[in-house]
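Engineer: No sequence on hand, only this structure:
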């Protein structure tokens with residue numbers, strides 16, 4: 001009877017609650033987590049906290065009300081979205097055309113053009129603006145050539161210091177971000193599929209519309225979404241262009257924070273910029289997931 005009431009002794013070989021195999025993944029996770037917290041999360045939190053500071057040092061939403069209600073902020077927001085959307089559409093059109101030509105139209109020098117596209121990806125954005133100034137500026141090479149031919153005293157091209165100049169520079173710089181994903185997607189399309197469509201009498205335009213573009217749609221969405229995010233936050237091209245009246249949100253943040261030293265006002269605009277970028281990124285991820293998983297579910 002006494003033996004039945006005795007509890008069994010714990011096994012000596014039972015694994016400890018926190019074994020080395022469980023602790024090791026946690027230890028490997030801590031360094032990158034700390035780096036992300038210090039390098040990314042902490043600055044964003046500081047910006048958000050700075051946006052609710054008033055001039056007297058107290059905390060409140062007065063700065064938010066004054067900044068969001070100003071005409072300068074609304075104009076900058078509208079200008080930023082308009083330039084970003086227009087540049088993205090231009091990049092999608094030009095990038096799709098270039099990718100199709102490089103992938104399916106053999107010509108001498110195609111590999112060299114592909115390498116030049118990779119080179120543009122490695123350059124800073126303000127160099128494109130500098131090149132545009134030498135080419136299309138009022139004293140640039142193109143205007144000098146036109147003046148030599150026509151004898152005109154005033155520059156024929158004067159678009160560089162307008163919103164059109166900013167959009168043209170952004171399209172030139174960000175188009176490779178569309179070309180590269182499309183080239184990778186076109187490389188995965190079986191040649192037999194294109195040959196069968198052509199043998200059935202489909203025109204090149206129909207093959208493009210019914211065979212190529214559906215296969216490359218996820219890559220097109222990825223490249224376009226990336227370009228939209230990059231153009232939305234572009235600062236160097238707008239600043240180096242010096243376009244009159246082209247005040248975007250990044251330029252307004254620079255003006256408030258560096259020129260007028262209005263740190264709370266700059267923090268408010270930066271917080272709006274962060275929120276807008278996050279909303280666009282989340283929307284892109286949702287659309288991309290739906291595009292990539294939709295055909296599989298239907299099948």
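Structural biologist: Yep, it's here. Computed from a prediction, not measured in an experiment: that's the story for all the values here.

Engineer: all helices for the stretch 101-250 of the chain, in order.
Structural biologist: With DSSP state H, counting those that start in this stretch as the criterion, the stretch 101-250 of the chain has helices at 110-122, 125-136, 141-150, 163-174, 176-187, 191-199, 204-207, 213-232, 236-241, 249-254.

Engineer: quick one, which of those is nearest to residue 36?
Structural biologist: helix 213-232 (19.0 Å; Cβ to Cβ). Backbone N, C-alpha and C define where each C-beta goes, glycine included.

Engineer: in the closest one, what's buried?
Structural biologist: Of the residues in helix 213-232, those buried by neighbour count under the rule 16 or more other Cβ atoms under 10 Å are 216, 218-232.

Engineer: Show me what that helix is packed against.
Structural biologist: With contacts defined as 3 or more Cβ pairs under 8 Å, 6 or more residues apart in numbering; DSSP states H and E, the packing partners of helix 213-232 are helix 71-104, helix 163-174, helix 176-187, helix 263-298.

Engineer: List the residue ranges of this protein that fall below the pLDDT cut-off.
Structural biologist: Counting by pLDDT under 70, the ranges of the chain that qualify are 1-21, 195, 198, 202, 287-288, 290-299.

Engineer: at 50 instead, please
Structural biologist: Within the chain, the ranges that satisfy pLDDT under 50 run 1, 295-299.

Engineer: Please report phi then psi for residue 53.
Structural biologist: When quoted as degrees, to the nearest 10, the phi and psi of residue 53 stand at phi -90, psi 140.

Engineer: What distance do you get for it to residue 62?
Structural biologist: Shown here: residue 53 relative to residue 62, a distance of 10 Å by Cβ to Cβ, to the nearest Å.

Engineer: Equivalent analysis for residue 153, please.
Structural biologist: From residue 153 over to residue 62 the distance is 54 Å, taken as Cβ to Cβ.

Engineer: Comparing these two, which residue is more hemmed in?
Structural biologist: Neighbours were tallied for residue 153 and for residue 62 using other Cβ atoms under 10 Å; the higher tally belongs to residue 62 (15 against 6).

Engineer: Can you get me a residue count around the closest residue in space to that one that isn't next to it in sequence?
Structural biologist: If you skip the residues right next to it in sequence, residue 62 has residue 54 as its closest partner in space, 5.5 Å away by Cβ to Cβ, 6 or more residues apart in numbering. Around residue 54 there are 12 other residues, counting by other Cβ under 10 Å.

Engineer: in terms of contact, does residue 54 touch residue 64 like I think?
Structural biologist: No. Using Cβ atoms under 8 Å, residue 54 makes no contact with residue 64, being 10.4 Å away.

Engineer: quick one: contacts of stretch 124-143?
Structural biologist: 120, 155-160, 165, 168-169, 172-173, 234, 236-237, 239-241 (Cβ atoms under 8 Å, 6 or more residues apart in numbering).

Engineer: Using CSV, please lay out the helices of the stretch 101-250 of the chain together with distance to residue 282.
Structural biologist: CSV is the format used below for the helices of the stretch 101-250 of the chain (distance: least, Cβ to Cβ, whole Å):
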stretch, distance to residue 282
helix 110-122, 25
helix 125-136, 25
helix 141-150, 42
helix 163-174, 21
helix 176-187, 20
helix 191-199, 34
helix 204-207, 35
helix 213-232, 11
helix 236-241, 25
helix 249-254, 19
